[in-house]
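A.B. asks: structure for this input, please:
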Amino acid sequence: MNLLVLGGTVFLGRYVVLAAESAGHNVTMFNRGQTAPDLFPHIERLHGDRDGDLDALLGRSWDAVIDTSSYLPRVVRQSAEVLRDVVGHYTFISSISTYASFTGSGINEEEPVGSLEDDTVEEISGDTYGPLKALCESTLRSVFPDRLLVIRPGLIVGPHDPTDRFAYWPHRIDRGGQVIVPGRSDAPLQFIDVRDVAEWIVAMVAQDVKGVYNATGPQNPLQMGEFIETCRAACSNDAELIWMDDDYLAAHEVAPFVELPLWLPTSADHRGFFDIDCSLAIRDGLTFRPLLDTVEATLEWDRERPHHTTFKSTLSTTKEKALVDAWKG
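C.D. replies: Below you'll find the predicted structure:
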């Protein structure tokens, strides 16, 4: 299969390229050439910009395209129109954030998606990210009505994750000492290893599958306590876990997901965020490696990063110590 990847150097795109190569496909990447320009030097790379500079795509054709880097419907339409007649199959990486509400449990692909009062908005924020992805999906359906595969992943985790939402935990526990762990040990969690979802996406494209699929994991229910203990097992140190309840952390203005990643305080508003129904994807071949494998691979990558790396999601050492002192006091 001759495959075009829009993006291909950041996280999921990177692993899609690796998975496609491993499966024996011929890969071409289209991107601006600004991120990791030396990555994959043996792969054909076309330079341009999704927003207005698509000349490098002209006069070419591919069996399929995987779009890993779209957020704005206006920009999506530009590349979709150029590729309409020169690719046989289009895969768009969307998000579970497209869903309008997370108050219910077992959210499947039939649930309503979010919308914007002003469809021309292009500022990406926590409020607009999901609805904009939904608009991108709608735009692509108008261009590829019967040739479109939409993947809605949950949190994608593993090596090279630029958000640090997952890496925070093995990194912090690896440092040892007194580690604040938020909420309840039985709080549900869902996420998917980037390698698992990338390999499955490539396999689905090769089979010419269309439709909409949620894609997160693991297959069996996972709780925060099991996740944290798996991180501690991978680190093999004397880290002391200090569980703090939602009310205490909220009273001390600790930001969920920002300072303590993967923590969502108990609330009816988002009870379904970690209860996404992925049975359709599992039925069609999505598999999951052991959690310990994901933790160890992330930890290995994290240990190789420069010591001065600034985490995007983290609780500062000073604030963590103050919270622990107040809690014990």
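
A.B. asks: so which residues of the stretch 151-300 of the chain form strands?
C.D. replies: 156-157, 178-182, 188-189, 192-193, 211-215, 222-223, 240-244 (DSSP state E, counting those that start in this stretch).

A.B. asks: name every strand pairing with the first one and say which way it goes.
C.D. replies: Sheet pairing of strand 156-157 (DSSP bridges) gives strand 192-193 (parallel).

A.B. asks: please identify which of the strands of the stretch 151-300 of the chain is closest to residue 270.
C.D. replies: strand 188-189 (11.2 Å; CB to CB). In this view, the C-beta of every residue, glycine as well, is placed from N, C-alpha and C.

A.B. asks: got the angle for whichever strand or helix holds residue 150 vs strand 211-215?
C.D. replies: If you go by DSSP states H and E, residue 150 is part of strand 148-153. Relative orientation of strand 148-153 and strand 211-215, computed by axes from the mean of the first three to the mean of the last three CA atoms, to 10 degrees: 10 degrees.

A.B. asks: hmm, who's touching strand 148-153?
C.D. replies: 12, 89-96, 98, 109, 137, 140-141, 192, 197, 201, 204-205, 209-216 (CB atoms under 8 Å, 6 or more residues apart in numbering).

A.B. asks: which of those residues fall in helices?
C.D. replies: Applying DSSP state H to the contacts of strand 148-153, the entries found in helices are 12, 137, 140-141, 197, 201, 204-205.

A.B. asks: tabulate the residues you listed (CSV), appending neighbour count and pLDDT.
C.D. replies: Converted to CSV, the ones in helices among the contacts of strand 148-153 look like this (neighbours: other CB atoms under 10 Å; pLDDT from 0 to 100):
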residue, neighbour count, pLDDT
12, 24, 98
137, 21, 98
140, 25, 98
141, 16, 98
197, 27, 98
201, 26, 98
204, 23, 98
205, 24, 98
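
A.B. asks: now for the strand or helix carrying residue 135, which elements pack on it?
C.D. replies: Using DSSP H and E, residue 135 sits in helix 129-143. Applying 3 or more CB pairs under 8 Å, 6 or more residues apart in numbering; DSSP states H and E, we find helix 129-143 packed against helix 73-83, strand 87-93, strand 148-153.

A.B. asks: in it, what's buried?
C.D. replies: 129-137, 139-141, 143 (16 or more other CB atoms under 10 Å).

A.B. asks: which of the residues you listed lies closest to residue 3?
C.D. replies: residue 140 (17.2 Å).

A.B. asks: isn't that closest one right up against residue 90?
C.D. replies: Yes. With contacts counted by CB atoms under 8 Å, residue 140 reaches residue 90, the gap being 6.3 Å.
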